[in-house]
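Enquirer: 3D model of this:
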Amino acid sequence: MRRDRRRHEDEDEEEDPKAFWKGLARDILVAAIIVAIFLGAMYAYAGVWPPLVVVESSSMQHGDRTSFIGVIDTGDMVFQQAAPDRSSVTTYLEGRNTCPPTSSNCGYMTYGDYGDVIIFRRAGFATPVIHRAIMYITLHSNGTADVPDITALPTLEWAARNAGGITRDPIFLRSLRIQHMGFERNVNLTFNFASISPGVNRAGYVTMGDNNLFNQCSQLRNDCGSGYDTLSIARLQDVQGRARGEIPWLGLLKLTLSPSETCCARGWGDPEAPKNSWDSLVVVLLLLLALPFIIEYAGRGWAKYVTPRLPEIPWPWRRKQRPPKGRAEEMVEAEGEPDRDEFDDLEDPEEPPPREGSFEP
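Expert: As a prediction, the model looks like this:
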């Protein structure tokens, strides 16, 4: 029996390394499958790769020194979803529609203002641009534009001019003035279409950064003529996606390790990103480091104090436990039955020869 027990122990020692590597390979395979499923689900939802982009500039912030949850700030990671056609994007004009001028509780809004925020590529720039889509126009080579969506706004909220002067016809407009723009609803902005890609015939989105408008019109809020993108309009084929959700602050890690032209060249704590974003990132990193310990001690506490007080549920797939055995039965099972081979190996003792004068009955 002892020989068998030693043999089993030796076999277990030989199998342990194999079991370790098998278990490690299984864990790696399971982790890879989970990651693949997660990334596949993100791609299925986004319809574009990569589904996440890091915001490198402050053009969409609602303040130079403070970041806000629900607003696109420097260092945020933004989910994007494909926008292959015109119906995929709701512009500022469409989102605002017939809302009262100073209202913030109606219409279609994302990230603190009306309309969708889009991610698009601009010719000659390697980094995509993230701006709010203000209006979809058809731009003519003579410096005029067709803006049919403007008629959705109340007539007192806009004024347009064509070659003949003031007009209510949204065709061949030279300029368009919209009241109460910006996330504070206090900027009267005039769009001059001759300044947008002059001499070009094309259709696309006029875009604007929320913070660009706020800063460039800070001294001319009643009559401002800047703040929107005059370099080009975003054509449908230029649009990479529309913003759909964000992960705040974590993109600052990427910008710290790989700085861009607009942020984090000075390393950790670069003032190009809001200070409260850096502070919040520190708190998040500390919580992530402490999370495994929190989970472990929470599990121990649950098992020690909560589980004993919970009623036992008779799950149908669990086997019924046998009644506790007596000490004698446990000792018999521990010792086991004697090995027959051991007794077979032993020779029977020789019988002593009979003594003289004695006889066997």
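
Enquirer: Whichever strand or helix holds Leu289 - contacts with which helices or strands?
Expert: Here Leu289, judged by DSSP states H and E, is contained in helix 275-301. Helices and strands touching helix 275-301, by 3 or more Cβ pairs under 8 Å, 6 or more residues apart in numbering; DSSP states H and E, are helix 251-257. For every residue, glycine as well, the C-beta is placed using N, CA and C.

Enquirer: Endpoint to endpoint, stretch 46-65 covers what distance?
Expert: 31 Å (Cα to Cα, to the nearest Å).

Enquirer: how about the strands in the chain?
Expert: For the chain, the strands defined by DSSP state E occupy 52-54, 77-81, 109-110, 113-114, 117-120, 129-139, 145-146, 158-162, 165-167, 175-181, 187-192, 202-208, 239-247.

Enquirer: What residues sit buried inside the first one?
Expert: Of all the residues in strand 52-54, those buried under the rule 16 or more other Cβ atoms under 10 Å are 52-54.

Enquirer: From those, pick the one nearest Gly95.
Expert: Val53 (21.8 Å; Cβ to Cβ).

Enquirer: from memory that closest one sits against Val78, does it?
Expert: Yes. The pair Val53 / Val78 is scored as a contact, 5.4 Å apart, by Cβ atoms under 8 Å.

Enquirer: shared neighbours of those two, anything?
Expert: 119, 130 (Cβ atoms under 8 Å, 6 or more residues apart in numbering).

Enquirer: Could you list the low-pLDDT ranges of this protein?
Expert: Along the chain, the parts satisfying pLDDT under 70 run over 1-16, 98, 100-105, 318-361.

Enquirer: all helices for it, in order.
Expert: 2-46, 92-96, 210-216, 251-257, 275-301, 327-335, 340-345 (DSSP state H).

Enquirer: winner for burial among these?
Expert: Greatest average neighbour count among those goes to helix 92-96 (a mean of 23), per mean count of other Cβ atoms under 10 Å.

Enquirer: In terms of secondary structure, what does it contact?
Expert: So helix 92-96, by 3+ Cβ pairs under 8 Å, 6+ apart, packs with strand 113-114, strand 129-139.

Enquirer: Export those to a markdown table and append columns for distance to Ala32 and mean neighbour count.
Expert: Formatted as a markdown table, the helices and strands packed on helix 92-96 follow (distance: least, Cβ to Cβ, whole Å; neighbours: other Cβ atoms under 10 Å):
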| stretch | distance to Ala32 | mean neighbour count |
| --- | --- | --- |
| strand 113-114 | 41 | 25 |
| strand 129-139 | 32 | 24 |
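
Enquirer: quick one, which of the ones you listed is nearest to Ile178?
Expert: strand 129-139 (8.5 Å).

Enquirer: Give me the sheet partners of that closest one and which way each runs.
Expert: Strand 129-139 sits in its sheet next to strand 117-120 (antiparallel), strand 145-146 (antiparallel), strand 202-208 (antiparallel), going by DSSP bridges.

Enquirer: To what extent is the nearest residue in space to Phe79 that is not next to it in sequence buried, counted in neighbours?
Expert: For Phe79, ignoring the flanking residues on the chain, the nearest one in space by Cβ to Cβ, 6 or more residues apart in numbering is Gly245 at 4.3 Å. The burial count assigned to Gly245 is 12, neighbours taken as other Cβ atoms under 10 Å.

Enquirer: what residues are up against Val129?
Expert: Val129 neighbours (Cβ under 8 Å, 6+ apart): 119-122, 207, 229, 234.

Enquirer: Could you do Ile69 as well?
Expert: Pro248.

Enquirer: what do you get for Ala243?
Expert: Going by Cβ under 8 Å, 6+ apart, the list of residues near Ala243 reads 72, 78-80, 110-111, 116-119, 130.

Enquirer: Report the separation between Gly63 and Cys224.
Expert: 18 Å (Cβ to Cβ, to the nearest Å).

Enquirer: neighbour count winner among those two?
Expert: Cys224 (20 against 15).

Enquirer: I'd like to know the beta-bridge partner residues of that one.
Expert: With DSSP bridges as the criterion, Cys224 is bridged to Leu189.

Enquirer: ok, now how distant is it from Arg177?
Expert: In terms of Cβ to Cβ, Cys224 sits 10 Å off from Arg177.
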